[in-house]
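In: Provide a 3D model corresponding to the input given below.
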Amino acid sequence: MANHLTPTELAEESGLERREVISKCMELGVPIFQGRIDKTLFLASIRQLEASPRAS
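Out: Down below sits the predicted model:
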């Protein structure tokens with residue numbers, strides 16, 4: 001199983017749109033290196049974002 005995916009592949013696996021994947025990477029500081037994203041880092045960052053309490 002590949003761990004470094006293109007934004008399109010990661011979008012398919014995570015249930016997001018390709019643009020959302022790229023946007024989340026920019027927002028969360030997840031690097032896109034040579035057109036590939038570390039799936040484990042991306043999903044962990046998303047989970048952390050969802051688990052953290054939002055500031056009002």
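In: Leaving out sequence neighbours, find the closest residue to R18.
Out: Of all residues not flanking R18 in the chain, A11 sits nearest, at 4.5 Å (CB to CB, 6 or more residues apart in numbering). C-beta coordinates here come from the backbone N, C-alpha and C atoms, glycine included.
In: ok, how many other residues are close to that neighbour?
Out: The tally of other residues near A11 (other CB atoms under 10 Å) stands at 18.
In: Would you confirm that it contacts C25?
Out: No. Between A11 and C25 there is no contact under CB atoms under 8 Å: 11.2 Å.
In: Which helix in the protein has the most residues?
Out: Looking across the chain with DSSP state H, the single longest helix is helix 39-51.
In: what pLDDT, on average, does that one get?
Out: Across helix 39-51, the average pLDDT comes to 93.
In: Name the surrounding residues that touch that helix.
Out: Outside helix 39-51, the residues within contact range by CB atoms under 8 Å, 6 or more residues apart in numbering are 2-5, 10, 13-14, 21, 24-25, 28-30.
In: What segments of the protein are strands?
Out: 4-5, 32-33, 36-38 (DSSP state E).
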